[in-house]
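Colleague: This is a predicted model, with the sequence first.
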Amino acid sequence: MKKFFRKLYKKEDGQSLVAFALLFVVLMAAAAISIDVGTVYVQEVNLQNIADAAALAGAKDLPSNTKAINTAISLVGENGLKANANGIEKDGDKVEITVPYKGDSTKIEVICTRDVEYNFARILGFEKISVKVRAVAQKSEEGMATGPFDYALFSAEGKVYINGNKHIIKGNVYAKDSITIAGNKSTMDGKAVSAGSSINVPTGTTKITNTTVPFPTNLDELIKQQGLELANGNLTDGTTLNGIYYIDGDLRINGRIKGTAIFYASGNIIFATGIQQTNTDSVMFYTNGSFTFNGGCSDVYGILYAPNGGFTNNGGPNGDIHGRVITKYDIVDHGAKFDVTSSSHDLNGLNLVKNTSVKLVE
């Protein structure tokens, strides 16, 4: 009987070893799944962050394809990807950049691939897995010519007061306080819009009362980021400058300024007499202070923009602004035949300033 039980014990002991061996394999497989799958997941998340960042960085340099590609490659390298050339694998890492993406010059695609080696899964015969992620980013640029820039004369918190005779206003006019375009033989081609109810304009003009138009954010920082500093605050006759410029202090305009440009002054802007710009020019004059227009018999092509100040015309007759006057406070003219004519042409200078943004679209 004892021999029988000893044989039975030995038989069960062998079965236990087999069961333990099978259980060990199952446990190792579970470890492979939990640890190696977790490792793969972490690597995938990391790669996706790298691809996203590279696509966004590259998009900022569009439409320069070469620069966008180089920027994206540089960024993936800084974040640990070993690949250092477009489409060429290095040590199991690879980056593929397509620009323009699907023929769209505003988009860039970044694909990051990495070979992730298994640890426990090697017991089951699996050595590595290739992890691939992608990101598509798009660059957009929006001009600033909206809102108040839809008006020939715009006073965000003050009044528009044009006195005298024979004024010609072509375009819409807005003032929070009141609008007066008086004088014999004055004409207005556009709407008169006010947050109040006091509107005195030529007969036949459409009047819209109790309407508020929001004022845009100051463009100071955008201009300084994108512009060049002027050497002095006097722009003389015949100056030709294209682009964006700024100066700390007052700016004096002493003649025709040629080109398509933006001039920003942290102080006031003063116009002398006899400024003879032409329709080949489109300049935005931007002051953090106020405008003083001494420009009788002058032609200015562009926009006068004072988000923290006003506009006063002290000049004689025939001061013509082929563009717009956009201010925070009062727009006042005491002279005769002061004309303002707005058109799409005078927005060219303003459109040099862009709100540039990049975002992930895929």
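Modeller: Okay, I see it. Numbering: from 1, shown residues only.

Colleague: what about the longest strand in the chain?
Modeller: Taking DSSP state E as the criterion, the chain has its longest strand at strand 128-143.

Colleague: Which other helices and strands does whichever helix or strand comes after that strand contact?
Modeller: Using DSSP states H and E, the helix or strand that follows strand 128-143 in sequence is strand 153-155. If contacts are counted by 3 or more CB pairs under 8 Å, 6 or more residues apart in numbering; DSSP states H and E, strand 153-155 sits against strand 173-175, strand 319-327, strand 331-333. Yep, even glycine has a C-beta here, placed from its N, CA and C like the rest.

Colleague: Now tabulate those in JSON lines and tack on mean pLDDT.
Modeller: JSON lines is the format used below for those (pLDDT from 0 to 100):
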{"stretch": "strand 173-175", "mean pLDDT": "96"}
{"stretch": "strand 319-327", "mean pLDDT": "90"}
{"stretch": "strand 331-333", "mean pLDDT": "91"}
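
Colleague: Nearest to G233, out of those strands?
Modeller: Smallest distance to G233 across these (CB to CB): 20.4 Å, for strand 319-327.

Colleague: where does the stretch 51-200 of the chain dip in pLDDT?
Modeller: Residues of the stretch 51-200 of the chain meeting the criterion pLDDT under 70: 120-121, 123-124, 141-146.

Colleague: Do a quick rundown of the helices in it.
Modeller: Taking DSSP state H, counting those that start in this stretch as the test, the helices found in the stretch 51-200 of the chain are 65-78.

Colleague: doesn't L241 make contact with I257?
Modeller: Yes. Between I257 and L241 there is a contact at 7.1 Å, judged by CB atoms under 8 Å.

Colleague: Out of these two, name the residue with the larger neighbour count.
Modeller: I257 (23 against 17; other CB atoms under 10 Å).

Colleague: Next one: the more buried one relative to G238, how far apart?
Modeller: 9 Å (CB to CB, to the nearest Å).

Colleague: mind giving me the domain ranges of the protein?
Modeller: As given by automatic domain parsing, the domain ranges for the chain are 2-142, 147-354.

Colleague: From the chain's centroid, how far away is the longest one?
Modeller: With CA atoms, centre = their mean, to the nearest Å as the basis, the distance from the averaged C-alpha position of domain 147-354 to the chain average is 24 Å.

Colleague: same question, stretch 128-148
Modeller: For stretch 128-148, the distance to the chain centre is 12 Å (CA atoms, centre = their mean).

Colleague: What of stretch 119-136?
Modeller: Centre to centre, stretch against its chain (CA atoms, centre = their mean), the figure for stretch 119-136 is 40 Å.

Colleague: ok so, going back, which of the helices and strands packed on strand 153-155 sits closest to L350?
Modeller: Closest among the helices and strands packed on strand 153-155, using CB to CB: strand 319-327, at 8.9 Å.

Colleague: Can you list the strands that the closest one pairs with?
Modeller: If you go by DSSP bridges, strand 319-327 pairs up with strand 153-155 (parallel), strand 299-306 (parallel), strand 338-341 (parallel).

Colleague: I223 against A265, yeah?
Modeller: No. In this structure I223 lies outside contact range of A265 using CB under 8 Å: 10.5 Å.

Colleague: Could you check which of these two is surrounded by more residues?
Modeller: Between I223 and A265, A265 has the larger neighbour count (other CB under 10 Å), namely 22 against 19.

Colleague: What distance do you get for that one to G171?
Modeller: On the measure of CB to CB, A265 and G171 end up 25 Å apart.

Colleague: got it, and G249?
Modeller: Distance, G249 to G171, using CB to CB: 31 Å.

Colleague: So between the two, which is more surrounded?
Modeller: G171 (20 against 12).

Colleague: For I88, list the residues it contacts.
Modeller: The contact partners of I88, by CB atoms under 8 Å, 6 or more residues apart in numbering, come to K94.

Colleague: just Y301 next, same as before
Modeller: Here Y301 is in contact with Q277, T278, N279, D281, S282, V283, H322, G323, H345, D346 (CB under 8 Å, 6+ apart).

Colleague: if we go to 10 Å?
Modeller: 256-257, 260, 275-283, 320-323, 341, 343, 345-346, 348-349 (CB atoms under 10 Å, 6 or more residues apart in numbering).

Colleague: Just the pLDDT for H334.
Modeller: Note on H334: pLDDT of 76.

Colleague: That one against Y161, yeah?
Modeller: Yes. With contact defined as CB atoms under 10 Å, H334 reaches Y161; the gap is 8.7 Å.

Colleague: Mind checking which of the two has more residues around it?
Modeller: The residue with more neighbours, out of H334 and Y161, is Y161; 19 against 13, by other CB under 10 Å.

Colleague: The more buried one reaches H167, doesn't it?
Modeller: No. Using CB under 10 Å, Y161 is not in contact with H167, being 11.3 Å away.

Colleague: Just list what the helix or strand harbouring Q48 packs against, helices and strands only.
Modeller: Assigned by DSSP H and E, Q48 falls within helix 37-60. Here helix 37-60 touches helix 65-78, strand 93-98, strand 107-117, strand 128-143, strand 354-360, going by 3 or more CB pairs under 10 Å, 6 or more residues apart in numbering; DSSP states H and E.
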